[in-house]
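J.: model this:
(one chain, ligands or ions: 1)
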Amino acid sequence: MHENGSQPRSYELLIGGEWREASSGERQGIHSPYDGRPVGEVAVASAVDVDAAITAGERGAAAWRRTPAHERVAILHRAADLADQRADEIAATISAENGKPLTEALGEARRSGAIIRLSAHEGSQVYGDSLPLDANPGTGQDKVGFTLRQPVGIVVAITPFNYPALLVLHKVGPALASGNAVILKPASATPLTALALARIFIEAGVPEGVLSVLTGPGGTLGDALVSDPRVRKISFTGSTGVGERIASIAGVKKLSLELGASSPTLILPGADIEKASSAVAAGGYVNAGQVCISVQRVIVHRDVEADFLDALRPKVEAIRMGDPFADGTTLGPLIAEREARRVESSIARAISDGSSLLSGGERDGAFVSPAIVTGVDTRQAFAQEELFGPAVAVTSVDSFDAAIDAANGTPYGLAAGVFGGTLSEGVRAMREIDAGSVHLGWTPLWRADLMPYGGLKASGYGKEGVRSAVEEMTEVKTVIMHG
Ligand code: NAP
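T.: Numbers count the residues shown, from 1 in each chain. Below you'll find the predicted structure:
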């Protein structure tokens, strides 16, 4: 066991439930973004392995869809129990390969069992409708019609690095629960958590053919996985650029695309400044801002701006950067130094575009100190482009209408938050902000695993959240009995 609690692990590919070396024999080391130490090793898949996983998936999907839902539930409940038992180990793996503070990783890992249980439940509650055919002129009562929801077959799940357990389980859980075979392609930076979770599903009894995990570069595996006609559904979470690539080559199949964002939080007159500043000091910097629903933009009414910034600044300056495994660390490194350099130059560009740095923004290796950038015009790149780093852009406005315009003024539309305002402004905000979720009284950084979750505009389409994911991973067949 390593002194920080995570044991370096070596994994093969999982192809149809069987562990085997990559056909090329190639392997890749995984390193901590904090100190570069090796934390594990994985096999590097190629197109040959993609074909093997899809071939196995066809067999697995045929058998799994005939497995009664109560048997699938029992297997998933065993997996959930194992995930609960191993939460500390999973958290250590998350922190080791992703660099987030252990306390955040524990919060993520401890949701695993619950997501699997929720998935098992929703996968067993797949109802159809009876059709009132006799209401259709020309049709009598001699016919009976109903809909039957069935698994799609093979689901390809492609996941990003920022929530290595959560985002994997939000795809694998509902896909398995609703009777599909799954081929998971986790982010190259964080495959170890995905593989640890896959072990749990296999140990719990997910049968041959049903689950594959292919580790390796998305740039080379992606096209083979995404364009194969034997795959019926792609569930992708990642950047808008890769999402666009997937959409352009997927062909005729179902797609869910959970993509990038530049999420706003409105601070309006009447806001509880203490609550709003605490929520922004968390929501802008959790996971070093590498969260799709991070508070990237604060849109504050000029009447409350000074009070808000006075309250926010000490809270942001109290964030403690350091070793993810050390007590008291609340900000770890970004996923790679390259990413920290990108964030550093985005901040520098914001300043040269006329904004001011109120706090933080210094880079040291893969760390960027938590930053507050004020005087940001929504048209600036700093607001328009996804930052994915520990900084918040503050834009001041003179009216509620200007706040809504600013909130909607980027290509994205994933989530938004609103503090203060009147009741009717709250109602207008819910209706008029173009975002997949709108939080009144909180920031966008909030998610319950059962709620529909997904973006509008360039943030993607399709919804996750276990019930929505089950719906998207099943399809409707209409059956008519002609008497
Ligand atoms: P990314 O670079 O788009 O990668 C995501 C996944 O796609 C990885 O597994 C990656 O593999 C794979 N990939 C890369 N090129 C591919 C291709 N041509 N075809 C198929 N797959 C390919 O994103 P990231 O940097 O890991 O994650 C950050 C992004 O995810 C941000 O934009 C963030 O907003 C978004 N995100 C969105 C949500 C949401 O719910 N809307 C949630 C979390 C994150 P490799 O790692 O091997 O390159």
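J.: check the separation of the first and last residues in stretch 33-49.
T.: Taking C-alpha to C-alpha, to the nearest Å, stretch 33-49 runs 28 Å from one end to the other.
J.: state the distance from residue 463 to the ligand.
T.: As judged by C-beta to the nearest ligand atom, to the nearest Å, residue 463 and the ligand stand 10 Å apart. All C-beta atoms are positioned from the backbone trio N, CA, C, and that covers glycine.
J.: what's around that residue, how many residues?
T.: By other C-beta atoms under 10 Å, the residues close to residue 463 number 18.
J.: tell me the contacts of it?
T.: Residue 463 makes contacts with 256, 436, 452, 453, 454, 469, 471, 472, as judged by C-beta atoms under 8 Å, 6 or more residues apart in numbering.
J.: any idea how far residue 54 is from residue 209?
T.: 11 Å (C-beta to C-beta, to the nearest Å).
J.: same thing with residue 343?
T.: 37 Å.
J.: which residues of the stretch 51-200 of the chain lie near the ligand?
T.: Applying C-beta under 6 Å from any ligand atom, one finds that the stretch 51-200 of the chain approaches the ligand through 158, 159, 160, 161, 162, 167, 185, 186, 187, 188.
J.: reformat those residues as a markdown table; add distance to residue 127 and neighbour count.
T.: Shown next, in a markdown table, are these (distance: C-beta to C-beta, whole Å; neighbours: other C-beta atoms under 10 Å):
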| residue | distance to residue 127 | neighbour count |
| --- | --- | --- |
| 158 | 29 | 25 |
| 159 | 29 | 29 |
| 160 | 32 | 25 |
| 161 | 36 | 22 |
| 162 | 34 | 24 |
| 167 | 27 | 27 |
| 185 | 31 | 26 |
| 186 | 32 | 27 |
| 187 | 35 | 23 |
| 188 | 39 | 17 |
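J.: switch the residues you listed over to JSON lines; also include secondary structure, pLDDT and distance to residue 20.
T.: Below are these laid out as JSON lines (DSSP: H, G, I helix; E, B strand; the rest coil; pLDDT from 0 to 100; distance: C-beta to C-beta, whole Å):
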{"residue": "158", "secondary structure": "strand", "pLDDT": "98", "distance to residue 20": "21"}
{"residue": "159", "secondary structure": "coil", "pLDDT": "98", "distance to residue 20": "21"}
{"residue": "160", "secondary structure": "coil", "pLDDT": "98", "distance to residue 20": "26"}
{"residue": "161", "secondary structure": "coil", "pLDDT": "98", "distance to residue 20": "25"}
{"residue": "162", "secondary structure": "coil", "pLDDT": "98", "distance to residue 20": "29"}
{"residue": "167", "secondary structure": "helix", "pLDDT": "98", "distance to residue 20": "25"}
{"residue": "185", "secondary structure": "strand", "pLDDT": "98", "distance to residue 20": "16"}
{"residue": "186", "secondary structure": "coil", "pLDDT": "98", "distance to residue 20": "17"}
{"residue": "187", "secondary structure": "coil", "pLDDT": "98", "distance to residue 20": "21"}
{"residue": "188", "secondary structure": "coil", "pLDDT": "98", "distance to residue 20": "19"}
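J.: could you chop the chain up by domain?
T.: If you go by automatic domain parsing, the domain ranges for the chain are 9-259+460-482, 264-448.
J.: so how far is the first residue of the first one from its last?
T.: In terms of C-alpha to C-alpha, the two terminal residues of domain 9-259+460-482 are separated by 59 Å.
J.: how distant is it from the center of its chain?
T.: Chain-centre distance of domain 9-259+460-482: 13 Å, with C-alpha atoms, centre = their mean, to the nearest Å.
J.: tell me the contacts of residue 433?
T.: So, once contact is read as C-beta under 8 Å, 6+ apart, residue 433 ends up touching 264, 404, 407, 408, 416, 418.
J.: in the residues you listed, find the pair that's most separated.
T.: 408 and 418 (13.0 Å; C-beta to C-beta).
J.: out of these two, which sits in the busier spot?
T.: More crowded of residue 408 and residue 418, by other C-beta under 10 Å: residue 418, with 29 against 18.
J.: what's across from the more buried one in the sheet?
T.: residue 266, residue 442 (DSSP bridges).
J.: would you mind measuring from it to the ligand?
T.: Counting by C-beta to the nearest ligand atom, the gap from residue 418 to the ligand is 20 Å.
J.: and if you look at residue 152?
T.: Distance from residue 152 to the ligand, by C-beta to the nearest ligand atom: 19 Å.
J.: residues contacting that residue?
T.: Counting by C-beta under 8 Å, 6+ apart, residue 152 touches 180, 232, 233, 254, 473, 474, 475.
J.: could you rerun that using 6 Å?
T.: 180, 232, 233, 473, 475 (C-beta atoms under 6 Å, 6 or more residues apart in numbering).
J.: pull the number of nearby residues for residue 398.
T.: Neighbour tally, residue 398, other C-beta under 10 Å: 10.
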